Structure formats: structure tokens, C-alpha cells
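Colleague: A predicted structure for the sequence below; I have some questions about it.
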Amino acid sequence: MNILELRGVSMTYGAVKALQNIDLAVKQGEWLAIMGPSGSGKTTMMNIVGCMDKASDGSVVLDGEELSRLSPKGLTAIRRDKIGLIFQQFHLVPYLTALENVVLAQYYHSMPDEAEALAALGNVGLGERARHLPSQLSGGEQQRVCIARALINCPQLILADEPTGNLDEANEKLVLKILHRLHESGSTIIVVTHSPEVGEHAERVIILEHGKIARTTTGAKLHKSA
Amino acid sequence: MKPLTTFQIAKNNLRRRPARSAGLCMAVAVSAFAMFGGALLSQGVGRGVESMSNRLGADILVVPHGYDKQFQAALLRGEPSTFYLKGDLVDKLRFFPGVERAAPQLFLATLNASCCTMPVQVIAYDPEADFVVKPWVSANAVPTPAGDEVVVGHMVGGETGTEISLFGRKFRIAARLDRTGMGFDTSVFMTMGSAKKLLRTAKNAAVKYEPGSVSSIMLAVAPGLNIKDVANAILREYAIDYDLEIVVSRSMISDIAKKLGGLSLLSRALAALSWICAAAALFIFFFLMLDERRREFGLFRILGAKRGKLAGIVLYESLLVSAAGGILGIAAALGLTAPFHRLITTALELPYLAIPAGSALVLGAGCLLSSVAVGPLSCLYSAIRIGSGDAYLTLRSGE
Ligand SMILES: Nc1ncnc2c1ncn2[C@@H]1O[C@H](COP(=O)(O)OP(=O)(O)OP(=O)(O)O)[C@@H](O)[C@H]1O
Ligand SMILES: [Mg+2]
């Protein structure tokens, strides 16, 4: 079953054609990587799939819902209920502790549950750092807080835009380990990355160029060619 | 961890940026201070003036030439001074056309009284003729002091029944008077007879005394007559011979009332100005923060926050800041006006009678309310902007 379907999706910013006529289907539980040169439209696609932006043309169906037909309120609800977002910049609230940052996602989603949030931090190896502010954490630790927050409401689809872009190798490995665990538990994952080392963990890899899907390959092939 | 709510989020933001929050708080605190302190002061002075005009039953006050200022200072604030007029003037004025009653007083400044660290003003009055001090003393249900007794003003030290030493002589404190807010509070009252006896036998010749002299004469003008006319007639007749000066009490009080008007206008203007400044500071702050916090609010939206919740964060922040500032400012006003009102009113040459606790409470509550209102009012615009926000975090912003 497809959790996500893009049909003829285009996005133009004035004269810039960021995406051109994209067709893509993502199966439930699939791990997909999006690669491609800078400016090829990767983030644009994630914004559309993540209900943060509307495509200029085409249709996006997420878990059976046609996004272009939804009101802003409906989009907010879908994003909140179905999507977990991991950012390259972490985007933690600076004046809230790691724990509070995770609880925040629960608060706006449903009911805060501190024990559950603590367990989520424990899962990413930060049980001891729960009461620290983002400024007291390393980049890798901040990214893991961001991941714990993205996962706290059990989203069906995890979108990660260069989740390891700001991390060193050791932290990159940690994050990949977490993604593997999620994948094994059945989550659907879409990762945007420049790094073949990250891309090769995906089952399928699409390569964007000038807003079009130039190639499709698999993580395994990416690994061999490297 | 306290359960996360919009309120807690706002509180955490303020708590974890203490310097910034304290700055905002101070702006509101200054305004609350000006508002409450100014109101306490001008209302206190208002009561002081009222108390004084109620108590000053005389129409015309006659004092030695050049001593009108000292006389007013003694009356207003109990600043001790000693001055004399020739005593036979009393009878002359008593029978002056248009004068209904005349009562002499003696003003004696002690330099070392056992009661006080500061010199006190001794005011002697003639129980036979008096119509100014006596009604008030007896309104306190205090009998005329006997020869070796004094009645003391509210702020003069010493228990009733104990002794006080004045010019080397001991007097029994017969009673203590209610607070008036004027110089009477720091004065000691005795009869003219006691005072004259005291002066004759005073070992400590700190004061020169010409027998028979008085310090001031208070006059009541017959009803229906123009007070100024009578005053002018007295001046024409006796100004040169007796070297006297006349204070018309009504114009003295209206002069003081004018000063009070100026004071309360000034304090109101200051309160309004500082309120506006605080509101402007908060407005500018929250407005400038809008841009800086765009990403933060976008993130809240991504996590599923409704727009109203975002506006709520800002409103709570401003509410907390202004409530804390308001309480701080009002506490400071209480803490500073209470001990220093004497200093201030002395500098302004105004009588002061603190308003009752109940009124102060109501006043404080009003000031607190308008201080607390500064916050939400001044960030309303920003809150609305956020609430109707176009601002939205995408994965791209901040890259
Ligand atoms: N708001 C915008 N207005 C105008 N042009 C935009 C806007 N957002 C993106 N673009 C353009 O769209 C194209 C695709 O941008 P996008 O951010 O999707 O690239 P990307 O593949 O994520 O690149 P990178 O690897 O550098 O992150 C770029 O040419 C970019 O300049
Ligand atoms: Mg990008």
C-alpha cells in the first residue's frame, strides 16, 4: 500500500521551476533517500510532502488524503498527526529543556506525558540529559533531541532533511542507527541527503536534477558504486 | 517538571533570559512606582492641607515682621523657631474694629528637650482667649494642661504620664494628640501661664525673653466683613509701631493648595509619561522580537500549535512581565514614600497626612491593575500579527 503518491507535481517560484512534473509513490514502511545537487528541489519536495507548502500543480495524496483539497487547518492537523520532522538545524526551542522540547510536541498533539517523553529521550541515549537546555548540548545531542521529538507522537511518515548535515561521523552513525530501528519497527522514512554514506542505507534512492527525477537506484547499488 | 502549558512556556522563556526579562520588568516597575508613589504623596499632601485648613480657625495671623516664613514653617512642619511681638498688641487688636476675637501664642524653640533627638517647637496658648488650639485639643478629649503639664503632638516621644524636660524644667505629659499632618505633630503645647513661668525661671538661658511678649496673635474677623480690609486697616495702624507682618490664612492655605495642585499635576504627568514609556518599551520589544521569533513560532506551528496558542505565549509573557514589574514598583513606592515623605514634604514646604491603609490598598490595587494592563495592551498588536501569522517555518528557513 502506498502511504504517499505524487502525480505530476510541479512547484514554481516566479520564474524558478523548483520541481517539474514529479511522479513518485512511496510504500508504507519504505525507506527512501532523495539525493541530488544543490538547488535540485529536494527541500522543496519535502516541504510539499510535509504539508508546509502547497504544490503549484499536480496532486499529492498522503495516507489517502488529497493535500491540495485541505484547508490550512486540515494541513496543520495532518502534519501534526502523521508526520515527524527532523531538521538539519535541529530547531529546538532554546529556552526549553530537552525534555520540555519533546513534551512540547505531545502538548500540541494530544496530552503531555512526561514518562513517555523521558523514555523517548532514553531511546536516543539522552536519558541523563533530559533537563539540559539545547545550549548545554552538543550538535549531535541536539539532533537526537529533535529526533526524539519527531517520533514522540508515533508518526506514520518521518521526513528528515539532511539530518546528519551538521554532525560528525560518530553522531551520523548514531542517527543512522536510530533510523534503522525505526525502519525495522515499520515506519516510513524519507531522508534528503548529500552523503552517499547516508543514502546507501535506504532501500530506494531517487536522484533529482533541475527539479526532475533523473535516476532511481537502490542503497545497495549506491554502496557498490562508492 | 511542571506540566507544559502555554503559561509555562511563557514563564520558561522569561526565566531563562533573566537579564532581558528584568529589563522589561523595570520599565513597568518605574511606571508603577511613579503612579503609586506620586498618588500616595499628592493624596497625603491633600489630606495634610485639608487637615490644616480645618484646624486653622483664624482668619488673620499676626507675626513679627520678617517672620512669616518661620511662622508658616512652624505651623506646617513644626520647624522650631522663636520670635516675639510686644505683648500689649494683643489687647489693642482684641478691640480693633472688625476683630471679633484675638488669641496670642508663644512659639519657643527648644534646643535640647529630653524627649527628642530633634529640637521641638513649644506652642503656648492662652486658654481664656484661645479659639484655635483649644478647640482642637479638646476635640481630642484632652483637658487644658495644668501648670506643670503639657500636651504633646502625635510624633513627640514619651509616654503619657511620663515626664519631659523642657528648658531644664520637667513637665508631665498629660495627653497625646491625634495626627494632623502639620507642624502640630512635632509640637508641645502648654498654657501661656506655664510658659511665662518657665521663661522667668529658665536656668538654661537659651532663649531671650522680654517679659510680656507674645509670638503671634491669631484673629477672627467678624462675620460679613472683608478679611483683607481688616488686615489692611491693622497694617496701617500698627505696622510701623509694632514691626508686624500679617498672614491671611485663607490666602496662605490657597497658596499651599496651589502647590498641591502643582504637585499632583506633576505626579500625574510623570505617572502618565512613565506608563506610556513602559508601554512603548514593551511594544517595541515584542514587535522587534516578532522577526527574531519567527522560526520559533513556525516550529510551534509545525508541532501542531493553533495560532491562538502562539498569541497566548506572547500575551502571557507580557502579562508576567508587567505583573512582576507592577508589584515591584508598588512595593518600592510603599517602601520609599513611607519613610521619606517627611523629607519630600519639607523640601516642598507642604503638610502631609498619610492616607488611611484602606485607601492606600484601594489605590495600590488600582495602580497594580493599570500596570499589569501595560503588558497585554502593548503586545496586543504583536499577538494579533502572530495569531493571524503568515509566518511559517519550512525546512528551508534558516538554511
Ligand atoms: N522561496 C523561494 N523563492 C524563490 N526560489 C526558491 C524559493 N525556495 C527555493 N527556491 C529555488 O528553488 C530551487 C530548489 O530549491 P531547494 O531548496 O528545493 O533545493 P535543494 O535541492 O534543497 O538544495 P540544497 O541541497 O542546497 O538544500 C532552487 O533553485 C532555489 O533557489
Ligand atoms: Mg535543501
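Modeller: That came through fine. Residues are numbered from 1 along each chain as shown, chains lettered A, B, ... in the order given. Ligands and ions are numbered 1, 2, ... in the order given.
Colleague: And the strands in chain A?
Modeller: A:2-13, A:16-27, A:31-35, A:57-62, A:65-66, A:83-86, A:157-161, A:188-192, A:204-209, A:212-218 (DSSP state E).
Colleague: likewise chain B?
Modeller: Under DSSP E, chain B gives strands at B:60-64, B:99-109, B:121-125, B:149-152, B:163-166, B:169-176, B:187-191, B:216-221, B:244-248.
Colleague: hang on, the earlier thing: chain B is nearest to which of the strands of chain A?
Modeller: Of all these, strand A:157-161 sits nearest to chain B, with 4.5 Å by C-beta to the nearest C-beta. Every C-beta, even on glycine, is put in place using the N, C-alpha and C of the backbone.
Colleague: What lies in contact with the closest one?
Modeller: The contact list for strand A:157-161 (C-beta atoms under 8 Å, 6 or more residues apart in numbering or on different chains) reads A:3-4, A:42-43, A:46, A:49-50, A:62-63, A:82-88, A:150-151, A:179, A:182, A:187-192, B:395.
Colleague: sorry, back to before: could you dump the strands of chain B to TSV with mean neighbour count, distance to residue B:10 and mean pLDDT?
Modeller: As requested, the strands of chain B are exported to TSV (neighbours: other C-beta atoms under 10 Å in any protein chain shown; distance: least, C-beta to C-beta, whole Å; pLDDT from 0 to 100):
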stretch	mean neighbour count	distance to residue B:10	mean pLDDT
strand B:60-64	24	61	90
strand B:99-109	22	60	89
strand B:121-125	25	57	88
strand B:149-152	24	56	89
strand B:163-166	19	60	84
strand B:169-176	18	53	87
strand B:187-191	26	56	90
strand B:216-221	24	63	90
strand B:244-248	20	60	89
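Colleague: among the helices and strands of chain B, which has the poorest mean pLDDT?
Modeller: helix B:133-139 (a mean of 72; mean pLDDT, DSSP states H and E).
Colleague: ugh, wrong one, chain A
Modeller: For chain A, counting by mean pLDDT, DSSP H and E, that's helix A:219-225 with a mean of 84.
Colleague: quick one: it to chain centroid distance?
Modeller: How far helix A:219-225 lies from its chain's middle: 22 Å, per C-alpha atoms, centre = their mean, to the nearest Å.
Colleague: Now for residue A:186: which residues touch it?
Modeller: Contacts of residue A:186 (C-beta under 8 Å, 6+ apart): A:28-29.
Colleague: repeat for residue A:145
Modeller: A:90, A:92, A:98, A:101-102, A:121, A:124, A:126, A:134, A:137.
Colleague: Of those, which belong to helices?
Modeller: A:98, A:101-102, A:121 (DSSP state H).
Colleague: Out of those, the closest to residue B:297 would be?
Modeller: residue A:101 (14.9 Å; C-beta to C-beta).
Colleague: hang on, that closest one packs against residue A:149?
Modeller: Yes. Assessed by C-beta atoms under 8 Å, residue A:101 is found in contact with residue A:149 at 5.6 Å.
Colleague: hey, what's in contact with both of the two?
Modeller: residue A:92.
Colleague: Residue numbers of chain A in contact with chain B?
Modeller: A:43-44, A:46-47, A:50, A:52-53, A:76-77, A:79-81, A:85, A:87-89, A:91, A:93-97, A:99-100, A:103-105, A:107-109, A:112, A:114, A:131, A:133, A:149, A:161 (C-beta under 8 Å from any C-beta of the partner chain).
Colleague: Mind checking which of those residues are buried?
Modeller: Buried members of these, scored by 16 or more other C-beta atoms under 10 Å in any protein chain shown, are A:43-44, A:46-47, A:50, A:52-53, A:76-77, A:79-80, A:85, A:87-89, A:91, A:93, A:95-97, A:99-100, A:103-105, A:107-109, A:112, A:114, A:133, A:149, A:161.
Colleague: Give the buried residues for stretch B:245-258.
Modeller: Those buried within stretch B:245-258 under the rule 16+ other C-beta under 10 Å are B:245-249, B:252-253, B:256-257.
Colleague: Right, I'll leave it there.
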